[in-house]
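>>> Coordinates for the following, if possible.
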Amino acid sequence: MTTSWDDLLDRLRVEPGEAVQLSKRATDDDFGLSKQEALAELESTTADIDLLQQRLFAENPC
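Take a look at the predicted model:
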């Protein structure tokens, strides 16, 4: 990936009280990722979230 996650989040962040300008966003923006890279990142992030969800449930069972 050519840009950092912080840079990407800065590009996507909408500050409180700021109007969302969807018309100014390119619909084909790939955020610097190829499809393969995005799928790999999605798989990794999904696994991280799954682990964190299991830990959260273990700490606070219903």
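>>> For the spatially most central residue of the chain, give me the pLDDT.
By C-alpha atoms, centre = their mean, the mean C-alpha position of the chain lies nearest to residue 9, the distance being 7.8 Å. Residue 9 is assigned 86 on the pLDDT scale.
>>> what about it, helix or strand, and which?
helix 5-12 (DSSP states H and E).
>>> list the buried ones in that helix?
For helix 5-12, burial by neighbour count (16 or more other C-beta atoms under 10 Å) applies to no residue. Where C-beta positions appear, they are placed from N, C-alpha and C, glycine not excepted.
>>> mind checking how far that helix is from the chain centre?
Taking C-alpha atoms, centre = their mean, to the nearest Å, one finds helix 5-12 lying 9 Å from the centre of the chain it belongs to.
>>> Using PDB, write out every CA atom in the lowest-mean-pLDDT helix or strand in the chain.
The weakest-scoring helix or strand in the chain, judged by mean pLDDT, DSSP states H and E, is helix 5-12 (a mean of 85). Coordinates of each C-alpha in helix 5-12 appear next as PDB, following Å, rounded to 0.1, in the frame of the first residue of the first chain:
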ATOM      1  CA  TRP A   5      -3.800   4.000   7.200                       C
ATOM      2  CA  ASP A   6      -3.600   7.400   9.000                       C
ATOM      3  CA  ASP A   7      -3.500   9.200   5.700                       C
ATOM      4  CA  LEU A   8      -6.500   7.200   4.400                       C
ATOM      5  CA  LEU A   9      -8.500   7.800   7.500                       C
ATOM      6  CA  ASP A  10      -7.700  11.500   7.300                       C
ATOM      7  CA  ARG A  11      -9.100  11.500   3.700                       C
ATOM      8  CA  LEU A  12     -12.300   9.800   4.800                       C
END
